[in-house]
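Peer 1: predicted coordinates and the sequence they were generated for:
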Amino acid sequence: MLIALWWPLAASAANHGYPLQDAGTDVSNLASLQRGARNFVNYCLGCHSARYMRYSQVAEDLALTENELHDNLMFTGTRVYDPMLSSMPVEQARAWFGNAPPDLSLIVRSRSADYVYTYLKSFYDDPSRPTGANNAVLPQTAMPDVLAGLQGRQKPRYESKPDAEGNLVQHLIALEPVAPGEMTAADFDGFVRDTVTFLDYVSEPAKSQRRSLGVWVILYLLMFTAFTYFLKKEYWKDVKA
Ligand code: HEC
C-alpha cells in the first residue's frame, strides 16, 4: 500500500510530471533487437556512445553474421572488437549543444525503458530554444529533435491549474501533431520501441540469459523442498509411533 502511494510520486519527479508511456520492450525479441541496433547506429551514434558494448558482442548476441555486422552496423574504419564509440568529440558536442550527449550504455537502467521511450517521442516545437525544439519529459533539453523527420513535428497543449497559493499555473498535458513525418504514428512507435529495446539489452546484456537460469534455480528449489518434506516425514514417522 505504502509502495503504491509512493511510486507515482517518485516517477513523476524524474519526468517533470509528464506521464510516461509503456515502452513494451522485449529483449528476447531478436528481430526487434536487430532493428533497434540499426536505428541506434544510424540515428544516435553520431552523438552518443555505448562504450561498454563491443560490435563483436552485439553480433554474437543478436545472431548477426560478420557480413551483416559490417554492412548494417559498422562504419568504415571501425573494427569488430571496438567499443561502440561516437566519433563526435565530447568537447565539440558541449560547445555545439551546451551539454554533452551522455553515454547510453546504462541509460535504461538509470532512467527506465518507459522514460527513454517517452522522451524520444516527446519533442515539440519551441522557437525560444536554440535547437528550435523542447521536450515534455526533460524540459529545456539540449538534444535536438533528431527524429522529427520520421515522427513529424508536434505542439504542446497546456492546462491551467491553481497552485497552493491559488495562482493559475500552466501544465503541459499533451502533445499534438502539427506536421506529418515519413512514418505513421504506429510505425514511429515501433521504431522507438525497437531502439529502446536495443538500449535495454545494452544496459544489461546478461538479462535474457539470467531469466532462463532463474527458471532452473526455482525448479531446483521446488524439488529440494519436496525432497526435504518427504525426508522430514520419514524421520518423524518413527518418533510418533
Ligand atoms: C545531434 C546530436 C544527438 C543525436 C543524434 C541524439 N542525441 Fe540524444 N542527446 C543529445 C544531447 C546534446 C543530450 C543532452 C541533453 C541534455 O542534457 O539536456 C542528449 C540526451 C539524451 C538522453 C538523456 C536524457 C536525460 O534524461 O538525461 C537520451 C536518453 C538520449 N539522448 C537518447 C538518444 C537516442 C536514443 C538517440 C537516437 C535515436 C539520440 N539521443 C540521438 C544529442 C543527440
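Peer 2: Perfect, I can see it now.
Peer 1: chain center to the longest strand along the chain, what's the gap?
Peer 2: In the chain, assigned by DSSP state E, the strand with the most residues is strand 168-180. The gap between the average C-alpha position of strand 168-180 and the chain average comes to 23 Å, counting by CA atoms, centre = their mean, to the nearest Å.
Peer 1: packing partners for it?
Peer 2: Other helices and strands packing on strand 168-180, by 3 or more CB pairs under 8 Å, 6 or more residues apart in numbering; DSSP states H and E, are strand 152-162. No exception for glycine: its C-beta is placed from N, CA and C like everyone else's.
Peer 1: switch to 10 Å and redo it
Peer 2: Secondary-structure packing of strand 168-180 (3 or more CB pairs under 10 Å, 6 or more residues apart in numbering; DSSP states H and E): strand 123-125, helix 148-151, strand 152-162.
Peer 1: what's the neighbour count on residue 168?
Peer 2: Neighbour count for residue 168, taken as other CB atoms under 10 Å: 9.
Peer 1: in the sheet, who's paired with it?
Peer 2: residue 162 (DSSP bridges).
Peer 1: and the protein, what are its domains?
Peer 2: 9-205, 209-241 (automatic domain parsing).
Peer 1: who wins for proximity to the ligand among those?
Peer 2: domain 9-205 (2.8 Å; CB to the nearest ligand atom).
Peer 1: poorly predicted segments of this protein, please.
Peer 2: Along the chain, the parts satisfying pLDDT under 70 run over 1-14, 208-212, 240-241.
Peer 1: residues making contact with stretch 74-90?
Peer 2: Contacts to stretch 74-90, defined as CB atoms under 10 Å, 6 or more residues apart in numbering, come from residues 37, 40-41, 44-59, 66, 69-70, 73, 93, 95-97, 100-101, 103-105, 202.
Peer 1: how far is it from where the chain is centred?
Peer 2: On CA atoms, centre = their mean, the centre of stretch 74-90 falls 21 Å from that of its chain.
Peer 1: about what we covered before: out of the helices and strands packed on strand 168-180, which is the most enclosed?
Peer 2: strand 123-125 (a mean of 21; mean count of other CB atoms under 10 Å).
Peer 1: just the buried residues of the helix or strand following that one, please?
Peer 2: Following strand 123-125 in sequence order, the next helix or strand is strand 133-135 (DSSP states H and E). Residues of strand 133-135 classed as buried by neighbour count (16 or more other CB atoms under 10 Å): 133, 134, 135.
Peer 1: quick check, distance from strand 133-135 to the centre of its chain.
Peer 2: 19 Å.
Peer 1: what is it packed up against?
Peer 2: helix 113-121, strand 123-125, strand 152-162.
Peer 1: same thing but at 7 Å, please
Peer 2: If you count contacts as 3 or more CB pairs under 7 Å, 6 or more residues apart in numbering; DSSP states H and E, strand 133-135 packs onto strand 123-125.
Peer 1: still on that earlier bit, can I get the CA coordinates of the longest strand of the chain in PDB?
Peer 2: The C-alpha trace of strand 168-180 is given here as PDB (Å, rounded to 0.1, in the frame of the first residue of the first chain):
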ATOM      1  CA  LEU A 168      -3.000  29.700 -12.100                       C
ATOM      2  CA  VAL A 169       0.000  27.700 -13.400                       C
ATOM      3  CA  GLN A 170       0.300  26.200 -16.900                       C
ATOM      4  CA  HIS A 171       0.900  22.500 -17.100                       C
ATOM      5  CA  LEU A 172       1.900  20.700 -20.300                       C
ATOM      6  CA  ILE A 173      -0.600  17.900 -20.600                       C
ATOM      7  CA  ALA A 174      -0.300  16.600 -24.100                       C
ATOM      8  CA  LEU A 175       1.400  16.900 -27.500                       C
ATOM      9  CA  GLU A 176      -0.400  17.300 -30.800                       C
ATOM     10  CA  PRO A 177       0.900  16.700 -34.300                       C
ATOM     11  CA  VAL A 178       1.300  19.900 -36.400                       C
ATOM     12  CA  ALA A 179       3.200  18.400 -39.400                       C
ATOM     13  CA  PRO A 180       3.400  14.800 -40.600                       C
END
